[in-house]
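In: fold the following and give me the result.
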Amino acid sequence: MPAISLLAGAGFETLTGRFSDGIMKVIPLGILILVLGCPIWIQKDFFFNLSISKATRLTYNTNPFSESLEVEKYIRDHSKKEGKIAILGSEPQIYFHSKRKSATRHLYMSPLMEKHSYALPMQNEMIRKIERVQPKFIVLVIVPWSCLPGPHSPPQLMTWAQNYLKNEYETSGVVDIFLDRETTYK
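Out: From the prediction side, this is the model:
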């Protein structure tokens, strides 16, 4: 892309350099405005009329970006600043915005769910650390884009999470994310 951008700039400079003055000097500028302005005009509703949450939903499907703001606020309001949390999913922004530290060194789960020889040891490490630290909140993210187990993922972490969360934690809230309607918070 940088090379193409440089070539486009050089081409535009060559085009404008051929015209010495007068109305012909304005034509390349008009072309530039048209080329840059058309995509913005075509997507003007997206850029200027949609709310941030609707624009995010259109761009990122059911990834919980907007929803994580509510989760972060809840965690911040119901835990101490020095408290730790764990996220079983790939939403590291929750740590940042809630101003809470992670109970483990695994801030997102992609590496734990990929097919490689370290996946199972990393899952076991995360399990041990969560059990030892006993974080105030564990956020379980069940959306396809949040690194849920694939066909080759070791199932240990998710099997453990189902039992551990059921036996050791109470559900504080549930966020239902829908593609075609508003998210519900319970």
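
In: ramachandran angles for the spatially most central residue of the chain?
Out: Geometric centre of the chain, nearest residue: Phe65, 5.5 Å, by C-alpha atoms, centre = their mean. With angles defined as degrees, to the nearest 10, Phe65 sits at phi -70, psi -60.

In: contacting residues for it?
Out: Contacts of Phe65 were listed using C-beta atoms under 8 Å, 6 or more residues apart in numbering, and they are Thr56, Gln93. Using the backbone N, CA and C atoms, a C-beta is placed for each residue, glycine as well.

In: how near is it to Ile177?
Out: In this view, Phe65 and Ile177 are 10 Å apart by C-beta to C-beta, to the nearest Å.

In: equivalent analysis for Leu34, please.
Out: In this view, Leu34 and Ile177 are 39 Å apart by C-beta to C-beta.

In: and what of His78?
Out: Counting by C-beta to C-beta, the separation of His78 from Ile177 is 21 Å.

In: could you do Ile85 as well?
Out: As judged by C-beta to C-beta, Ile85 and Ile177 stand 20 Å apart.

In: more neighbours: these two, which one.
Out: More crowded of Ile85 and Ile177, by other C-beta atoms under 10 Å: Ile85, with 21 against 18.

In: rounded mean pLDDT for the helix or strand where that one lies, please.
Out: If you go by DSSP states H and E, Ile85 is part of strand 84-88. Average pLDDT, strand 84-88: 96.

In: kindly export the helix or strand encompassing Ile130 (C-alpha atoms) in CSV.
Out: Per DSSP H and E: Ile130 is located in helix 119-133. Coordinates of each C-alpha in helix 119-133 appear next as CSV, following Å, rounded to 0.1, in the frame of the first residue of the first chain:
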residue,chain,number,x,y,z
ALA,A,119,-2.2,-24.4,24.1
LEU,A,120,-3.0,-27.1,26.7
PRO,A,121,-0.2,-26.0,29.2
MET,A,122,-1.3,-22.4,28.8
GLN,A,123,-4.9,-23.4,29.5
ASN,A,124,-3.8,-25.3,32.6
GLU,A,125,-1.7,-22.3,33.8
MET,A,126,-4.7,-20.0,33.4
ILE,A,127,-6.9,-22.4,35.3
ARG,A,128,-4.5,-22.7,38.2
LYS,A,129,-4.0,-18.9,38.4
ILE,A,130,-7.7,-18.2,38.4
GLU,A,131,-8.3,-20.8,41.1
ARG,A,132,-5.5,-19.4,43.2
VAL,A,133,-6.3,-15.7,42.8
